[in-house]
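> have a look; sequence and predicted model below, questions after that.
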Amino acid sequence: MASPATAAEIQDELICSICLEYLTKPVTITCGHNFCQACITQHCEEWEKGRRVELTCPQCRELFQKGEFKPNTQLNNIKRLKLFCEEDGEAICWVCEKSRDHRWHTVVPIEEAAQDYKGQRPSLCLNIWLPFSLSLCLCLKRKVKEKRAMITGEFNRLHTWLKEEEQGLLQRLAEEERETLQRLQENVSKLSQQSSSLKQLIAELEKKCQQRVAELLKVRDRRLCDLSPVDVTLDPDTAHPELVLSEDRKRVRHGDKRQDLPDTPARFDPCPCVLGAEQFTGGRRYWEVEVGHKTEWSLGVCRESVSKKGTVTLTPGNGYWAVWLRTGEYKARTSPSAPLPVRVRPSRVGIFLDYEAGEVSFYNVTDGSHLFTFTDTFSGTLRPYFYPGLNAGGTNAAPLIICPIPAQAGRNL
C-alpha cells in the first residue's frame, strides 16, 4: 500500500491549481505544470481581456505563450481504483488484478468490499480511506496556500505597477503644469508689452489725427473760400412730364397731372427727375438747395451722358453721385448705400464739386456740418441732378428750391 506521503504526491499531480478539483482533460504548459484545459484557457482569455504585461503560469509564475500547451495523456489515462484485493486488503486497478501479486487472490468490486467490511472490519476500512483522506486534505491545503500566495503576489505586482504609473503620470502632469504656467507668464509679459506699445501708438495716432483734422478743416475752409458759387437753373428739356418748374427755373415739385411735352432723348421718363442747365467740365462749383420739411428727395451731380429713359439707379458706377432722403433715412448712394451722420435735420443742403480733385461733397447748411464726400475720377460733362420726390397725396408737395449763395457761404461750413 502506498504511504501517505506517496499518496499526497499523487493527489498533488491530479489536482488543478486553478479550480482545486481533479484534472479534467489535463494539459501541460511549457513550465511542466498541469491544468484543466478549460481552466488554463479561461486564464489566457482573462489575461487577454485585462491586457496585462505578461502571461504567466498560475502556479510558478513562469512566462508562457498563449496556446502553448498540450494534452497530458498519462494523467488523462489515470482512472479511479475500482477493485479490492481481500487477501492484501487494498484497492487495486484492473492491471494489478492480472499481475503476479494478485493473480490468485480474491478480487471484488471496491463498492462491494466497502459494504462487506463496513460492519465487520472498520479498522480495515479506515486503513483504506484514512490515508487517502489525509493526503487529500494535505493536498487541498497546499493548493489553497499556493493559490493565496499567487493572488497576493499578483495583486502586489499590480499595486506596484499602479503606483509606478501614478507617480509617472503625476510627474508628467507636474511638468506640463510648470511648462504651461511658464508659457502663460511669457504670454502675459508679451501682451503687457504689446498693450503698452499699442496704447502709445494709439495716443500718437490720436494726436496726429487731431492735427490732421485741424489741417483738413483749414484746407476745406480755404477751398470753400476759393470756390466759385454758381447760379444753377433747371433745364426744362430734361424735366419729367409730371414735374412742375417755376418760371425763374429755380423751383421744382411733383405735380398731380402729366403734362403734354415732347418725348425727347434728353427728357427723363418714367423717373420724375430734372437736371440743371449748367454744364461743368472743370473747376470748383458750389450751390445750395432748400429741402425744407420734405419727406423724400435726391440731390447731386451726374454725367451728361446718362440715359434718361428707364429705371434710374443712383450709384457712381451708373454716373450719379447723389444723396437722398427716403423713409426718414439720409443716405449716400454708394454701393451699398452709406448712412449720413445727420445730427440736425437739414433744411438746406450745399453741394460742392471739385472737378480736378474728383470730389463731390455735401454739407448740412443748417448746422454747418459735413455730410459726405464722393471721391472719383471725372471725365466728360457733369450736371446738377434734382429729384423732388413724389407728391404722395400732398405730404411731399413742397418744391426743391435752388437758393442764392450768400457771400460768406463757404465760411459758414
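Received it, and whenever you're ready, just let me know what you need.
> when you work out contacts or count neighbours from here on, use the C-alpha atoms and nothing else.
Noted.
> where does the prediction get shaky in the stretch 1-150 of the chain?
1-12, 50-53, 73-82, 89, 94-95, 97, 102-103, 114, 116-136 (pLDDT under 70).
> let me see the contact set for residue 317.
Applying Cα atoms under 8 Å, 6 or more residues apart in numbering to residue 317 gives no contacts.
> can I assume it sits in a strand?
No - using DSSP: H, G, I helix; E, B strand; the rest coil, the assignment for residue 317 is helix, not a strand.
> domain ranges for this protein, per the record?
Domain assignment for the chain, taken from automatic domain parsing, gives 4-163, 228-412.
> okay, now residue 311: neighbour count?
Residue 311 has 11 neighbours, counted by other Cα atoms under 10 Å.
> which residue packs closest to it, ignoring adjacent ones?
Setting aside the residues directly before and after it, residue 311 is nearest to residue 271 in space (Cα to Cα, 6 or more residues apart in numbering), at 6.6 Å.
> sorry, back to before: most tightly surrounded among the domains of the chain?
Mean neighbours per residue, mean count of other Cα atoms under 10 Å, is largest over those for domain 228-412, with a mean of 18.
> what mean pLDDT does that one have?
The predicted model gives domain 228-412 an average pLDDT of 94.
> contacting residues around the helix or strand where residue 386 lies?
Secondary structure from DSSP states H and E places residue 386 in strand 382-387. Outside strand 382-387, the residues that touch it by Cα under 8 Å, 6+ apart are 232, 272-281, 297-304, 322.
> ok, then the element right after it?
Taking DSSP H and E, what comes next after strand 382-387 is strand 400-403.
> name the surrounding residues that touch the helix or strand that contains residue 49.
Assigned by DSSP H and E, residue 49 falls within helix 37-50. Residues from elsewhere that reach helix 37-50 (Cα under 8 Å, 6+ apart): 18, 19, 24, 25, 26, 27, 55, 66, 67.
> flag every buried residue along stretch 192-211.
Within stretch 192-211, no residue is scored as buried using 16 or more other Cα atoms under 10 Å.
> how far off centre is it?
Distance of stretch 192-211 from its chain centroid, counting by Cα atoms, centre = their mean, to the nearest Å, is 35 Å.
> what does stretch 98-112 give?
The chain centre lies 87 Å from the centre of stretch 98-112; the measure is Cα atoms, centre = their mean.
> how far out from the middle of the chain is the strand holding residue 386?
A distance of 53 Å separates the centroid of the chain from that of strand 382-387, by Cα atoms, centre = their mean.
> export that strand to PDB, keeping only CA atoms.
The C-alpha coordinates for strand 382-387 follow below in PDB (Å, rounded to 0.1, in the frame of the first residue of the first chain):
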ATOM      1  CA  LEU A 382     -21.200 116.900 -65.300                       C
ATOM      2  CA  ARG A 383     -24.600 118.500 -64.500                       C
ATOM      3  CA  PRO A 384     -26.600 119.200 -61.300                       C
ATOM      4  CA  TYR A 385     -29.200 116.500 -60.500                       C
ATOM      5  CA  PHE A 386     -32.600 117.000 -58.800                       C
ATOM      6  CA  TYR A 387     -35.400 114.600 -57.700                       C
END
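> related to what we said a few turns ago, any idea which of the domains of the chain gets closest to residue 190?
Closest of the domains of the chain to residue 190 is domain 228-412, at 39.0 Å (criterion: Cα to Cα).
> residue boundaries of the strands in the stretch 1-150 of the chain?
According to DSSP state E, counting those that start in this stretch, the stretch 1-150 of the chain carries its strands in the segments 26-29, 34-36, 69-71, 83-85, 90-92, 107-109.
> partners of the first one in the sheet?
Spelled out, that is strand 26-29. Strand 26-29 sits in its sheet next to strand 34-36 (antiparallel), strand 69-71 (antiparallel), going by DSSP bridges.
> with the fourth one instead?
Each strand that strand 83-85 pairs with, and the sense of that pairing, follows from DSSP bridges: strand 90-92 (antiparallel), strand 107-109 (antiparallel).
> skip the chain neighbours and tell me the closest residue to residue 390.
residue 254 (5.7 Å).
> so the one you found versus residue 245, what's the distance?
Plainly put, residue 254 is 9 Å away from residue 245 if you go by Cα to Cα, to the nearest Å.
> quick revisit: out of the strands paired with strand 26-29, which is closest to residue 162?
Evaluated with Cα to Cα, the strands paired with strand 26-29 place strand 34-36 nearest to residue 162, the distance being 29.6 Å.
> residue 194: helix or strand, and which one exactly?
Using DSSP H and E, residue 194 falls in helix 122-225.
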